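*Asks:* Sequence first, predicted model second:
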Amino acid sequence: MRIGLAGLGIMGYRIAANLAKAGKLNMVYNRTVSKAEQFHKEYGVKYAEDPKSLIQSVDFLITMLSDDEAVKSFITPLLPYVKDKIIVDMSTISPSTSISLSNEVSKHGGIMFDTPVIGTTIAVEQKKITVLVGGPKEKFNIVQDVLKETAANVIYVGKNGSALYAKIANNLLTGIYMTALAEAFTFGVRSGLDPEEIKTILSQYASVKSPFMELKLPKVISGDYSTQFATKHMAKDLEIAVRESQNLKVITPLTSISLQLYRLADGLGYGDSDFASVIEVYKKSPKSKSD
């Protein structure tokens, strides 16, 4: 089976690297050709000049793209060439968009799965991510056999769209958690407590302590916002959550507030930085005269 991957971004590049090291990647494509050329030099994997060349050269295509529009504009022109192909979209997009695309792929004789990722860039490098899978269960074993080379867990969730609903639920919680952490930390600092002391209390003794907190608190303290997951992508995912919640008739007040905070962080210039940079919104808030 010939395997291709489109989208050599911050996550896609690392996923492609894992597959290449395992000898399971035959071709890559990236809109910015220099990234594909770099990957070829590093791993010896051929790159396609355009999406059509890629889909015609592989049986199993992985896509890791930025948003709904990017996925739609990439897959839709390829529909005439998807017969007997498997498309595995690892992007985090709206479940409704993914379901619509999977129906179109099916009409043209192909199969599409939504396979979003839970985990950071570090987790990808360590092959510790979890991949959620939505699509026809009878073909799940094929998807699992490929993605196990880059993930610790490949979990079948259900029909098309199911994995994305699960991923959005996860990112909804993660986004709120980060803003709550930023708020708690700022509260402690403004009260006069030492930042390292707050870090110890929250990460080691708090009732909601977690590995996530241990990962993000050092970033909050140091101001090192090297990207594990970008602020603009968290904002995008929370926008999806708010939009889909309206369709599901679910109220999401905490998600909506957190979304506004990430948008503010983006407006401050932290869109491409790690989403822990949302702390900068709190740092910009007015201090009392006694501070």
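*Replies:* Alright, I've got the coordinates.

*Asks:* Which pLDDT value does the model give residue 179?
*Replies:* On pLDDT, residue 179 comes in at 99.

*Asks:* Tell me which residues touch it, please.
*Replies:* 257, 258, 261, 262, 278 (CB atoms under 8 Å, 6 or more residues apart in numbering). Glycine gets a C-beta too; all of them are placed from N, C-alpha and C.

*Asks:* can you list the domains in this structure?
*Replies:* 3-158, 165-283 (automatic domain parsing).

*Asks:* picking up where we left off before, just name the closest of the contacts of residue 179 to residue 232, please.
*Replies:* residue 262 (8.0 Å; CB to CB).

*Asks:* quick one: the strands in the stretch 101-250 of the chain?
*Replies:* All strands of the stretch 101-250 of the chain, identified by DSSP state E, counting those that start in this stretch, fall at 111-114, 117-118, 129-134, 151-158.

*Asks:* Could you give the separation of the shortest one from the chain centroid?
*Replies:* In this case it means strand 117-118. 6 Å (CA atoms, centre = their mean, to the nearest Å).

*Asks:* what's the most buried one of the strands of the stretch 101-250 of the chain?
*Replies:* Of all the strands of the stretch 101-250 of the chain, strand 111-114 has the most neighbours on average by mean count of other CB atoms under 10 Å, namely a mean of 26.

*Asks:* Could you double-check that residue 254 lies in contact with residue 176?
*Replies:* Yes. The pair residue 254 and residue 176 qualifies as a contact (CB atoms under 8 Å) at a distance of 5.0 Å.

*Asks:* Just list whatever residues bridge to residue 118.
*Replies:* Beta bridges link residue 118 to residue 130, judged by DSSP bridges.

*Asks:* so where's this protein shaky on pLDDT?
*Replies:* Judged by pLDDT under 70, the chain has its weakly predicted residues at 288-291.
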